[in-house]
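J.: Just need the structure, nothing else, for what follows:
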Amino acid sequence: MPLLFFAIVILVVVATWWSYKLYFAKENLPALENGLLIALLAFHGFVFYFINQYLTLAPDRQPGNGNFGLLLMFPEAALFLGFAGIFFLKTRRYLSKLSQAARWVTLGFSVLLVVVMLYLEISYADQLLTRLGETSEPWYSWYYDPKKNGLYGNGYTFLMFLGILVFLAACLHKGKAKQE
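T.: Okay, here's the model as predicted:
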C-alpha cells in the first residue's frame, strides 16, 4: 500500500510539471489551470485523510521503531506549499474580477471557516492528547510519536489552511481601478 501511494505522489508531481509545461503554450489555459487545481485539491485532501486515518496509530497501539508517517508527511508538506501558491494566485486572480462587496463576503466566510476549523482542531488535539495521557511526549514533539501524526495531517488543518489562503487572497487581491 505505501509503495502504491508513493507511486501516485510521483505521478502527481510529473503531472504538475507537465501541466505547467503546457502553461507556456497558452492554449486553453483557464481550463488547464482549473483542472489542475481541482486534481491537486483532491490529491492533497486525500493525503491529509490518509495521514490521519492510516499513518496515525490509535492510542492503545504500540508503535514500532520510529515514525513511518514522516516518510510521507515531509514530501507532502513541500508539495502542499507548492499547491498553496497555485491556489493563492488563482484565488487572487478570481477575486480581482469580483465586486468589492463580493470580496468582503468572501473575506468574512474565510474568517468564519478559519475560526471554526481552528476550534475543531484545538478540540481534536485536546481529545487526542487526553487519550494519550501523561506518558506521552509534549505535543510539539509529534515527530517522535506516530500516534500524533493526525494532529497536523487532518481535515481540519487542511480546510483551515485553505481558509487562510482565501483570506490572504481576499486581502491582497489586485483589484482593477475603476475608470470613470
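J.: Tell me where the protein is predicted with low confidence.
T.: Low-confidence segments of the chain (pLDDT under 70): 1-6, 8-9, 12, 15-32, 63, 134-143, 173-180.
J.: how about 80 then?
T.: 1-36, 57-72, 129, 132-150, 152, 173-180 (pLDDT under 80).
J.: what's the lengthiest helix in it packed up against?
T.: Among the segments of the chain that qualify as a helix by DSSP state H, the longest is helix 100-132. Counting contacts by 3 or more CB pairs under 8 Å, 6 or more residues apart in numbering; DSSP states H and E, helix 100-132 is packed against helix 70-95, helix 155-171. Backbone N, C-alpha and C define where each C-beta goes, glycine included.
J.: now that helix against helix 70-95, angle please.
T.: Per axes from the mean of the first three to the mean of the last three CA atoms, to 10 degrees, the angle that helix 100-132 makes with helix 70-95 is 160 degrees.
J.: residues in contact with Gly66?
T.: Contact analysis of Gly66 by CB atoms under 8 Å, 6 or more residues apart in numbering lists nothing.
J.: quick revisit: can you pull the buried residues of the longest helix of the chain?
T.: 103, 106-107, 110, 113-114, 117, 120-121, 124-125, 128-129, 132 (16 or more other CB atoms under 10 Å).
J.: And for stretch 77-84?
T.: Quick answer for stretch 77-84 (16+ other CB under 10 Å): 79-80, 83-84.
J.: His44 versus Leu81, what's the distance?
T.: Going from Leu81 to His44 by CB to CB, to the nearest Å gives 11 Å.
J.: ugh, wrong one, I meant Leu118
T.: Counting by CB to CB - Leu118 and His44 are separated by 19 Å.
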